[in-house]
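>>> pasting a predicted model and its sequence here:
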Amino acid sequence: MGKHPVTQKQYENLAGENPSHFKESGPESPVEQVNWNEAIAFCRKLQDHLGQAGNRHECRLPTEAEWEYACRAGSQKNYCFGDDEAKLEEYAWHGENSGGKTQPVGQKKPNQWGLYDMHGNVWEWCRDWYDQYPKGPVTDPTGPVEGTSRVLRGGSWRVELPSALRSAYRFNLAPDSRRNLIGFRCVWVEGSSP
């Protein structure tokens with residue numbers, strides 16, 4: 001999984017444009033105002049780029065289950081660091097400390113697996129269609145095969161309620177939604193074919 005959300009610089013280098021509203025936040029801030037389809041297209045372009053270098057990787061958005069697993073980094077608490085909401089300041093850009101905009105990635109503490117900005121900064125698109133969780137235990141679920149909205153995880157620079165920054169908190173929007181609080185990160189699966 002990407003160490004942090006895709007930055008404005010990374011997006012522009014590969015896609016040839018920067019759709020972000022918060023350009024003044026700098027090139028190391030998360031790209032935002034990218035809809036789900038554009039995030040998928042970026043992952044495909046990155047996969048093609050890696051393929052030209054001789055790597056056999058699948059590059060895609062994480063499933064909702066993969067995203068939460070990576071965010072928790074082995075924790076079963078509300079946040080990757082435990083349950084103490086006061087520690088959010090150390091790990092997340094949110095409504096109380098962001099200055100009303102995105103911030104450069106990697107400035108807050110990472111989780112135990114070295115992943116930055118899993119809580120706050122931008123909501124992150126996931127691969128799955130949104131639906132209620134299935135009843136009973138499941139292993140690595142991938143969500144329904146169709147729907148009207150896609151899953152977003154992580155919270156954003158605008159979120160003021162600590163509960164909306166929890167590892168398990170879910171949000172959803174139509175895949176054509178484009179907002180200044182939505183970004184994404186990529187997952188690489190080694191040795192697989194697209």
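Good, I have the coordinates.
>>> name the residues of stretch 37-56 that come out as buried.
38-40, 42-43, 46-47 (16 or more other C-beta atoms under 10 Å). Using the backbone N, CA and C atoms, a C-beta is placed for each residue, glycine as well.
>>> and those residues, which two are furthest apart?
Glu38 and Gln47 (14.9 Å; C-beta to C-beta).
>>> among the buried residues of stretch 37-56, which lie within helices?
If you go by DSSP state H, these have 38-40, 42-43, 46-47 in helices.
>>> let me have the residues you listed in TSV, extended by pLDDT and distance to Ala65.
Putting those into TSV (pLDDT from 0 to 100; distance: C-beta to C-beta, whole Å) gives the following:
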residue	pLDDT	distance to Ala65
Glu38	98	23
Ala39	98	18
Ile40	98	18
Phe42	97	21
Cys43	96	17
Leu46	93	22
Gln47	91	21
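>>> name the nearest of these relative to Arg127.
Arg127 lies nearest to Ile40 out of those, by C-beta to C-beta, at 8.3 Å.
>>> show me what contacts the closest one?
The contact partners of Ile40, by C-beta atoms under 8 Å, 6 or more residues apart in numbering, come to 60-61.
>>> one step back: out of the buried residues of stretch 37-56, which comes closest to Phe171?
Nearest to Phe171 among the buried residues of stretch 37-56, counting by C-beta to C-beta, is Ala39 at 15.0 Å.
>>> give me every residue that touches the spatially closest residue to the closest one that is not a sequence neighbour.
Once flanking residues are discounted, Ala39 sits nearest to Phe184: 4.1 Å by C-beta to C-beta, 6 or more residues apart in numbering. The contact partners of Phe184, by C-beta under 8 Å, 6+ apart, come to 5-6, 34, 39, 42, 61, 124-125.
>>> please point out which parts of the worst-scoring helix or strand of the chain on mean pLDDT sit buried.
Using mean pLDDT, DSSP states H and E, strand 187-190 stands out as the lowest-scoring helix or strand of the chain, at a mean of 87. Neighbour-count burial for strand 187-190 flags 187-188 (criterion: 16+ other C-beta under 10 Å).
>>> Lys101 and Trp93, how far apart?
Distance, Lys101 to Trp93, using C-beta to C-beta, to the nearest Å: 9 Å.
>>> look at the two and report which has more neighbours.
Neighbour count, other C-beta atoms under 10 Å: between Lys101 and Trp93, Trp93 has more, with 29 against 17.
>>> got phi/psi on that one?
With angles defined as degrees, to the nearest 10, Trp93 sits at phi -90, psi 120.
>>> tell me the bridge partners for it.
As for beta bridges, Trp93 partners with Gly120 under DSSP bridges.
>>> so what's it up against?
Trp93 sits next to 102-103, 107-108, 117, 120-121, 157 when contact means C-beta under 8 Å, 6+ apart.
>>> can you check Lys109 too?
The contact partners of Lys109, by C-beta under 8 Å, 6+ apart, come to 81, 90-91.
>>> redo that, cut-off 6 Å
By C-beta atoms under 6 Å, 6 or more residues apart in numbering, Lys109 lies in contact with 90-91.
>>> right, I'll call it a day here.
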